[in-house]
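**Q** Show me how the following folds:
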Amino acid sequence: MSTNPTQSHDFDPASLKLFAGNANPELAQKVAEALGIPLGHSKIGVFADGEIQIEIQESVRGKDVFVIQSTCPPVNQNAMELFIMLDALKRASAASITAVIPYYGYARQDRKVAPRAPISAKLVADLLVSAGATRVVSLDLHAAQIQGFFNVPVDHLFATPTLARFWREKMGTGEQFVAVSPDAGGVERTRAFAKRIEASLAIIDKRRSGPNEAKALHLIGDVKDKTAIIVDDMIDTAGTLTQAVDTLIKNGAKQVFAVASHPVLSGPAVGRLIESPIHKVLVTDSIPLSEAAKKSGKIEVISVAPVLAEAMKRIHGNDSVSSLFD
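**A** Here you go, the predicted model:
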């Protein structure tokens, strides 16, 4: 897959508007630059009691409007910003409103795991559509079935081709590498990465004992004297990741890297990565890094702005989005 902005589409920037919330302004600016359009003018304020106030400060009547906003920490603040901005655009008579959500919060609550538990990922989907989204774009959903929670089209983009291309250019390919899935659920993603860098595949059998608590138990596959690359969709507290690193080192891995789409990096995550023998972590800019993460020296960011911009151009031009990944 190419991650360069499109060359092949008839693109009329005058009929497209891009707005952004406060979740990730740097990514929003990169997407706007890749599209060749300015970010739309809006004002996001907060009342004294904490209520969010949004004003759209230019006409969007009859336009295709895209709103880019990751629902990353602070999750609820960013989600409410997104809902209110969607509602404002709907009431301003936009022709279509696409919510571009690089990181979809609440995605881990995609099914009932206990009696009387909510399915919060479905609730967020309902709120997005009720607020005004006529289409949704997201990157590496934690669970692919979340697409089915929506009654509007969903374009599910993937960071694996971008991360794999970066790896091929910087590190090379071949059997000296082994791509490692940190759990059984991530095997498909890891296999896709392994195929692109011509590496072998390994799996760590992980058992979860509670929220943000996991224990790596068993390694399936050969990592001895190889450079291991752990492939995951997100790094939250980094507990799973650092345990996986220890397991790989104990089983003879020469060096351990990690690639992940979403650097959530909650709580002790950055400290754990600094203390871990992991060599480098490659992540996308779907979520902005904290200052501590930037200074850690172990995290490198690869931008997905070209992929998001390409998808938006294709949606606007009624072209195929799935062919991005052919």
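**Q** How about residues contacting stretch 107-127?
**A** 71, 79, 83, 104-106, 136, 141-143, 145-146, 149-150 (C-beta atoms under 8 Å, 6 or more residues apart in numbering). (C-beta placed from N, C-alpha, C; glycine too.)
**Q** Longest helix in the protein, please.
**A** helix 75-91 (DSSP state H).
**Q** what mean pLDDT does that helix have?
**A** The average pLDDT for helix 75-91 rounds to 98.
**Q** Output the contacting helices and strands for that helix.
**A** Packing contacts for helix 75-91, counted by 3 or more C-beta pairs under 8 Å, 6 or more residues apart in numbering; DSSP states H and E, involve strand 42-46, strand 52-56, strand 64-68, strand 96-101, helix 120-131.
**Q** Buried residues, the last one. List them.
**A** The reference is to helix 120-131. Buried positions in helix 120-131, judged by neighbour count with 16 or more other C-beta atoms under 10 Å: 121-122, 124-125, 128-129, 131.
**Q** Could you provide those residues in a markdown table, with additional columns for pLDDT?
**A** A markdown table is the format used below for the buried residues of helix 120-131 (pLDDT from 0 to 100):
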| residue | pLDDT |
| --- | --- |
| A121 | 97 |
| K122 | 98 |
| V124 | 98 |
| A125 | 98 |
| L128 | 98 |
| V129 | 98 |
| A131 | 98 |
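**Q** For P288, state which of the residues you listed is nearest.
**A** Set against P288, the nearest of the buried residues of helix 120-131 by C-beta to C-beta is V124 (20.4 Å).
**Q** And the helices in the stretch 151-300 of the chain, which stretches?
**A** Remark: helices assigned in the stretch 151-300 of the chain by DSSP state H, counting those that start in this stretch are 160-171, 187-197, 239-250, 269-275, 291-295.
**Q** Determine which two of the buried residues of helix 120-131 are furthest apart.
**A** Pairwise across those, and taking C-beta to C-beta, the largest span is found between A121 and A131, at 15.8 Å.
**Q** Out of the helices and strands in the protein, which is least certain?
**A** None of the helices or strands of the chain scores lower by mean pLDDT, DSSP states H and E than strand 213-220, at a mean of 71.
**Q** who does H262 bridge with?
**A** According to DSSP bridges, the residues that bridge with H262 are M234.
**Q** hang on, it packs against Y103?
**A** Yes - applying C-beta atoms under 8 Å, one finds H262 in contact with Y103, separated by 4.8 Å.
**Q** shared neighbours, these two?
**A** Residues touching both H262 and Y103 (C-beta under 8 Å, 6+ apart): 72, 139, 234, 286-287.
**Q** ok, back up a step: output the helices of the stretch 151-300 of the chain as a markdown table; include the columns distance to I97.
**A** As requested, the helices of the stretch 151-300 of the chain are exported to a markdown table (distance: least, C-beta to C-beta, whole Å):
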| stretch | distance to I97 |
| --- | --- |
| helix 160-171 | 26 |
| helix 187-197 | 29 |
| helix 239-250 | 36 |
| helix 269-275 | 34 |
| helix 291-295 | 32 |
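**Q** Of these, which stretch is the most buried?
**A** Highest mean neighbour count among the helices of the stretch 151-300 of the chain (mean count of other C-beta atoms under 10 Å): helix 239-250, with a mean of 21.
**Q** Give me the residues contacting that helix.
**A** With C-beta under 8 Å, 6+ apart as the test, helix 239-250 has contacts from 180, 182-183, 204, 206, 212-216, 219, 223, 228, 230, 232, 235, 256, 258, 260, 272-273, 275-278, 281.
**Q** quick one on the thing from earlier: farthest pair within the shared contacts of H262 and Y103?
**A** Longest span within those, C-beta to C-beta: C72 and L139, 11.7 Å.
**Q** between the two, who's got more neighbours?
**A** Each of C72 and L139 has its neighbours counted (other C-beta atoms under 10 Å); L139 has more, 25 against 22.
**Q** What distance do you get for that one to L201?
**A** L139 is 23 Å from L201, where distance means C-beta to C-beta, to the nearest Å.
**Q** go on, E26?
**A** From E26 to L201 the distance is 34 Å (C-beta to C-beta).
**Q** just G185 next, same as before
**A** Taking C-beta to C-beta as the measure, G185 and L201 are separated by 14 Å.
**Q** Could you check which of the two is surrounded by more residues?
**A** L201 (18 against 13).
**Q** Next up, the contacts around the residue nearest to the more buried one when sequence neighbours are not counted.
**A** Among residues not flanking L201 along the chain, A194 sits closest, at 4.9 Å (C-beta to C-beta, 6 or more residues apart in numbering). A194 makes contact with 178-179, 200-201, 231, according to C-beta under 8 Å, 6+ apart.
**Q** go again using 7 Å as the cut-off
**A** Counting by C-beta atoms under 7 Å, 6 or more residues apart in numbering, A194 makes contact with 179, 200-201.
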